[in-house]
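Chemist: Okay, sequence plus prediction incoming.
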Amino acid sequence: MSLINLKSFCQQTNQTFSVIAKDYKRFRTHVNSMFESLTIGGRNILCEKKCLEEKRFGYLGEQGEIITDDNYIYTDYIPVYDYEYITIKLWGGSNRNFRASLSYYQSNKEYAGSRTLPSDSYSVNTFNIPGVAYFVRISVPHPRFQVKYKVEFGDKATDYTPALEDYPYLNQKIYDKETLNWNFHPKTDVISFLAVKEGGLVVITATIYIKNAEEKEVITLFKVPEELKGKTDVNQLINVVRLSTIMGNRSTLRELDYFCENGSVTISNTKFEGVNDSFNDFKDSKVRITLTYPCLKI
């Protein structure tokens, strides 16, 4: 091969590698953007079942110490790695004044601060993790009080999932919209639906699109079948999003009711003080529900 041909070959090879590098960069950017757009449930770091199995009964004191109390459970030291935020989502609640909290610790497990967690209503809270924090511990009410938490690193709250460490201890049954007869409202489109029965607790998560329903004050979205009926009424505020309006999508607060007598899961057009309801019916709306309650049939 002559020197001229070798030079030409090298130039063509360099051009080929340059094209490959650019294509790979574009491909990597595309894949990264795909993953960023996915909605993936975060990992629950509150391992309730494992705490029960290991008999970790107690709550965190003012300096992060463990105070023995059978009404609470607490976790071991959980590494925070390089996370900047921690998010706590609560379902259910109780009238009792519980002491739910999390504490931060340095690398030598010296106390580095605390946060008080809500324990009496549905809520979502995100906290900054101190820069000196290397570990975190969590204490919450005993699961028998039906106060359900999901604690995850990051600043986004996702639907309830058990901690990975809890799966060996779970007695779970999972139902979708086809498994049982849920009697969905005929003017709705069920986008997603999942019911999980874990021991004596049921968690239903659903996204439902209400089309041309005529109801204005109360609408029954579906009915819980006999196998999963609850023993208490559960009320919570939810956002109902009106789609494709002239002013764009609008959301307004509604009250979600669950009646154990006949299993009806309904939305009430309740007026709330200080809240400007932007529409007074349910047409062309999307509802996202998370409903947690104790089941009658254990």
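Modeler: Cool, the structure landed. Numbers count the residues shown, from 1 in each chain.

Chemist: lowest confidence element among the helices and strands of the chain?
Modeler: Least confident helix or strand, the chain: helix 3-37 with a mean of 52, by mean pLDDT, DSSP states H and E.

Chemist: so which helix or strand takes in residue 257?
Modeler: Here residue 257, judged by DSSP states H and E, is contained in strand 250-258.

Chemist: and that strand, which strands flank it?
Modeler: Strand 250-258 has these partner strands in its sheet, going by DSSP bridges: strand 234-242 (antiparallel), strand 264-268 (antiparallel).

Chemist: May I see those strands organised as TSV, with mean neighbour count added?
Modeler: Bear in mind the C-beta positions are built from the backbone N, C-alpha and C, glycine included. Below are the strands paired with strand 250-258 laid out as TSV (neighbours: other Cβ atoms under 10 Å):
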stretch	mean neighbour count
strand 234-242	16
strand 264-268	19
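
Chemist: Would you state the helices of the protein in chain order?
Modeler: 3-37, 48-53 (DSSP state H).

Chemist: so where's this structure shaky on pLDDT?
Modeler: Counting by pLDDT under 70, the chain has low-confidence residues at 1-41, 92-96, 119-120, 232-234, 244-248, 271-278, 298.

Chemist: give me phi/psi at residue 261?
Modeler: Residue 261 adopts backbone torsions of phi -60, psi -50, taken as degrees, to the nearest 10.

Chemist: shift numbering so it begins at 629
Modeler: Yes, from this point I'll number from 629; that puts the last item at residue 889.

Chemist: Distance check, it against residue 741.
Modeler: 47 Å (Cβ to Cβ, to the nearest Å).

Chemist: Those two: which has the busier surroundings?
Modeler: residue 741 (14 against 7; other Cβ atoms under 10 Å).

Chemist: ok, the more buried one - contacts?
Modeler: 731, 732, 758, 761 (Cβ atoms under 8 Å, 6 or more residues apart in numbering).

Chemist: repeat that with 10 Å
Modeler: 692, 730, 731, 732, 733, 734, 757, 758, 760, 761 (Cβ atoms under 10 Å, 6 or more residues apart in numbering).

Chemist: residue contacts, the closest residue to residue 762 other than its chain neighbours?
Modeler: Setting aside the residues directly before and after it, residue 762 is nearest to residue 735 in space (Cβ to Cβ, 6 or more residues apart in numbering), at 4.1 Å. Going by Cβ under 10 Å, 6+ apart, residue 735 touches 707, 760, 761, 762, 763.

Chemist: Dig out what the closest residue to residue 803 other than its chain neighbours forms beta bridges with.
Modeler: Excluding its sequence neighbours, the residue lying closest to residue 803 (Cβ to Cβ, 6+ apart) is residue 823, at 4.3 Å. Beta-bridge pairing of residue 823 under DSSP bridges involves residue 803, residue 832.

Chemist: Pull the contacting residues for residue 823.
Modeler: By Cβ under 10 Å, 6+ apart, the neighbours of residue 823 are 801-805, 807-808, 810, 830-834, 852-853, 855-856, 919.

Chemist: Next: residue 793.
Modeler: Contacts of residue 793 (Cβ under 10 Å, 6+ apart): 672, 673, 674, 675, 676, 677, 678, 679, 681, 703, 704.

Chemist: Roughly how far does it sit from residue 686?
Modeler: Taking Cβ to Cβ, one finds residue 793 at 18 Å from residue 686.

Chemist: Now do the strands in the stretch 679-828 of the chain.
Modeler: Assigned by DSSP state E, counting those that start in this stretch, the stretch 679-828 of the chain shows strands spanning 685-688, 694-702, 706-707, 713-720, 729-733, 739-744, 751-756, 763-769, 775-781, 800-804, 816-826.
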